[in-house]
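K.L.:
what follows is a predicted structure for the sequence shown.
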Amino acid sequence: MLLIALFFLGLLLGSFLNAWLWRAHAGRSVLRGRSLCPHCLSQLAWFDNIPLVSYVVLGARCRTCRARISASYPCIELWMALVSVFIGWVHGSDALLIARDITTVFFLTFIFVFDIRHQLIHDATTLVPAAILFVSALLFEWQTLLSMLIGVVIAAGFFALQHFFSHGRWIGAGDMRLGVLMGVILGWPLTLVALFVAYVGGAAIFLPFIVSRRVHTKTAVPFGALLTAATFVALFWGKELLSVYLGLL
């Protein structure tokens, strides 16, 4: 029953995430106003705003203007539903850890999608959750103060150095703020694992395109998306990856 409840909770969170992603880019408040069609801006009836179901019933088109609805909407809703179930399966009946990790993945997903779409990291999705998770980690003793501070210094400091020496060409200020969030979420030494996964994963993804000259070394890369994906991997499998790496030394 818990996993079923988490599935539906995840659907609702995914629906809210879709609305927030569009409104953040459009400069609209996510807390005021009804849901709108992003094409014709007509208000959506409640029965046209049911996660997953409405997309299928409407045939992936707006009821008013018949513009096509992006497949990213149901994909994000389904992702949040499935990852919420996964988190519930990982933590069992520990409600605090479930709430912590669903909140963490919610913000990581926002950063991932927003950076891919707009190559921009939204301020409110880095420092605000970092502050909330920082206080929560100390309050519930999930991590030590020293562990989080080391993680923040490693990630944010590493990106700050790159930003300084490249005069902002390699790394943006948003990546530094994301480094703060990574350090709080993962602490020491998992922040290093996330950085390793991000850079190795990025090389594996983009190197074939560079070799084939489909992209070049100056092509803008949504690095925030790589970092959030690596943070997700390190959050749930970082200790195992670290053990494997140390075992190879």
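P.N.:
Noted; the coordinates are in hand. Numbers count the residues shown, from 1 in each chain.
K.L.:
from now on I want contacts and neighbour counts done on CA atoms only, so please keep to that.
P.N.:
Fine.
K.L.:
can you map out the helices along the chain?
P.N.:
Assigned by DSSP state H, the helices in the chain fall at 2-26, 53-57, 72-91, 95-118, 127-139, 145-166, 173-211, 223-248.
K.L.:
report the buried residues of the fifth one.
P.N.:
By that I understand helix 127-139. L127, P129, A130, L133, F134, A137 (16 or more other CA atoms under 10 Å).
K.L.:
would you format these as a markdown table with distance to I116 and pLDDT included?
P.N.:
Formatted as a markdown table, those follow (distance: CA to CA, whole Å; pLDDT from 0 to 100):
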| residue | distance to I116 | pLDDT |
| --- | --- | --- |
| L127 | 20 | 91 |
| P129 | 20 | 94 |
| A130 | 21 | 96 |
| L133 | 24 | 96 |
| F134 | 26 | 96 |
| A137 | 29 | 96 |
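K.L.:
just give me the closest of those residues to H163.
P.N.:
L127 (18.2 Å; CA to CA).
K.L.:
distance-wise, check the closest one relative to I185.
P.N.:
Applying CA to CA, to the nearest Å, the value for L127 to I185 is 12 Å.
K.L.:
the spatially most central residue of the chain - nearest residue in space that isn't next to it in sequence?
P.N.:
Closest residue to the average C-alpha location of the chain: L108 at 1.9 Å, with CA atoms, centre = their mean. Among residues not flanking L108 along the chain, T228 sits closest, at 5.5 Å (CA to CA, 6 or more residues apart in numbering).
K.L.:
tally of neighbours for the one you found?
P.N.:
Residues lying near T228 (other CA atoms under 10 Å) number 26.
K.L.:
next one: the one 4 residues further on
P.N.:
Burial of F232, expressed as a neighbour count using other CA under 10 Å, amounts to 21.
K.L.:
F106 is in contact with that one, correct?
P.N.:
No. Counting by CA atoms under 8 Å, F232 sits too far from F106 to count as a contact (10.7 Å).
K.L.:
hang on, the earlier thing: quick one: contacts for the residue nearest to the centre of the chain?
P.N.:
With contact set as CA atoms under 8 Å, 6 or more residues apart in numbering, L108 has these partners: T228, A229, F232.
K.L.:
which of the residues you listed lies closest to W22?
P.N.:
Among the contacts of L108, and counting by CA to CA, the member closest to W22 is T228, at 19.3 Å.
K.L.:
wait, the closest one sits on F114?
P.N.:
No. With contact defined as CA under 8 Å, T228 does not reach F114; the gap is 11.2 Å.
K.L.:
how about the helix or strand bottoming out on mean pLDDT in the chain: buried residues?
P.N.:
Within the chain, confidence by mean pLDDT, DSSP states H and E is lowest for helix 173-211 among all helices and strands, at a mean of 88. Judged by neighbour count (16+ other CA under 10 Å), helix 173-211 contains these buried residues: 173-195, 197-198, 201-202.
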